[in-house]
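J.: Build the 3D model from these lines:
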Amino acid sequence: MSLPGRVALGTMHGKAAAIAPPLARLGIAVVVPEGLDTDRFGTFTGEVPRAGSMIEAARAKAQAAIAASGLPVGLASEGAYGPHPVLPFLAWGLELLLWLDSRTGQEIVETLADEAPLYGHADATGPGDCDAFLARIGFPATAVVVAPAAEPLRPVAKGIRDRVALKSALRAASATGPARVATDMRAHMNPRRMAMIARLAEHLADRLGRTCTACGAPGWGRLRLEPGLPCAWCGGPSVLARGEVHGCTACGVERFVLRPDKLTAADPGCCPACNP
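T.: Model prediction:
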């Protein structure tokens, strides 16, 4: 099946600026349905819990974009940010981009980890209390959200990008205690996140440009990692990946691919048996 000329993007936060250029090189125009409320599938500030997992929320957005536009193919992205899974004092993020073809049911999912996101918060009672935090995140290019520190899920203001608005929000949020100043993680308010989405869109475009040799559908690419690279000492499975599984999400054909670095044995330090 050939690529469509137009696809619908489920967003209300300006993501087309990052996603449209790579797809345009494939002859695909990105359409953003007017008035589509994607916040109903979850908000970063928590007033609306996310609708299931990341992929489920992205799928719901893509389906809503298809319904609102009448186009057969929908796109949506979803992000998750929090403590690093290994180094909890550092921040970490994961971006996901989903392509959904309602004609065939085919889904193509690309993900990208951000090891240094602009994500965090500081508690304050006045503007001067969070100056170091604001400098670190690149305020005002990166906007902030302000809420009572005791009730961070009830923000008094979002998208703050100037000192006057920040001072006013801090006054409102700190009436009974410290206020919490946090990075606004909506894409149009966070340049670092928008850049990650743009990189992810490049990956998706590259993948859409590869077709399955079995069925001709677009989107041949990596599906998952294959665990268990053998330990160099004992030969048992290590925590490192043995390789990758590439395939087609339209017909289900899969192929094992060796690691890009061609590594065939793992350091014993990565082996649960040799280094328990």
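
J.: Neighbours of the nearest residue to Gln63 once chain neighbours are set aside, how many?
T.: Distances taken as Cβ to Cβ, 6 or more residues apart in numbering put Gly74 closest to Gln63, at 6.3 Å, once the chain neighbours are dropped. C-betas here are computed from N, CA, C, even on glycine. By the criterion of other Cβ atoms under 10 Å, Gly74 has 27 neighbours.

J.: Tell me who's in contact with Gly74.
T.: Gly74 sits next to 7-10, 61-66, 99-100, 102 when contact means Cβ atoms under 8 Å, 6 or more residues apart in numbering.

J.: go with 6 Å
T.: Residues near Gly74 by Cβ atoms under 6 Å, 6 or more residues apart in numbering: Ala8, Ala62, Ala65, Ile66, Leu100.

J.: quick one: which of those residues sit in helices?
T.: Ala62, Ala65, Ile66 (DSSP state H).

J.: which element is the closest residue to the first one other than its chain neighbours on?
T.: Nearest in space to Ala62, with sequence neighbours left out and distances taken as Cβ to Cβ, 6+ apart, is Gly74 at 3.4 Å. Here Gly74 sits within strand 73-83, counting by DSSP states H and E.

J.: Give the partner strands of that strand in its sheet and their orientations.
T.: Using DSSP bridges, strand 73-83 pairs in its sheet with strand 6-9 (parallel), strand 91-101 (antiparallel).

J.: Output that strand as PDB, nothing but the C-alphas.
T.: Taking Å, rounded to 0.1, in the frame of the first residue of the first chain, the C-alpha atoms of strand 73-83 are listed here in PDB:
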ATOM      1  CA  VAL A  73      -4.400   7.800   8.800                       C
ATOM      2  CA  GLY A  74      -3.700   9.500  12.100                       C
ATOM      3  CA  LEU A  75      -0.600  10.500  14.000                       C
ATOM      4  CA  ALA A  76      -0.100  11.300  17.600                       C
ATOM      5  CA  SER A  77       2.800  11.700  20.100                       C
ATOM      6  CA  GLU A  78       3.000  11.100  23.800                       C
ATOM      7  CA  GLY A  79       5.700  11.800  26.400                       C
ATOM      8  CA  ALA A  80       6.600  10.600  29.900                       C
ATOM      9  CA  TYR A  81       9.000  12.300  32.200                       C
ATOM     10  CA  GLY A  82      10.300  11.500  35.700                       C
ATOM     11  CA  PRO A  83      13.300  10.200  37.600                       C
END
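
J.: and the helix or strand hosting Arg136, which residues are buried?
T.: Here Arg136 sits within helix 131-137, counting by DSSP H and E. Across helix 131-137, burial judged by 16 or more other Cβ atoms under 10 Å covers Phe133, Leu134, Ile137.

J.: likewise stretch 236-247?
T.: In stretch 236-247, counting by 16+ other Cβ under 10 Å, buried: Pro237, Ser238, Leu240, Arg242, Gly243, Glu244, His246, Gly247.

J.: Pro152 - how many residues pack around it?
T.: 18.

J.: contacting residues around the residue sitting nearest the centre point of the chain?
T.: Relative to the mean C-alpha position of the chain, the nearest C-alpha, by Cα atoms, centre = their mean, is the one of Glu95, at 1.5 Å. Each residue near Glu95 by Cβ under 6 Å, 6+ apart is listed here: Gly79, Leu112, Met196, Ile197, Leu200.
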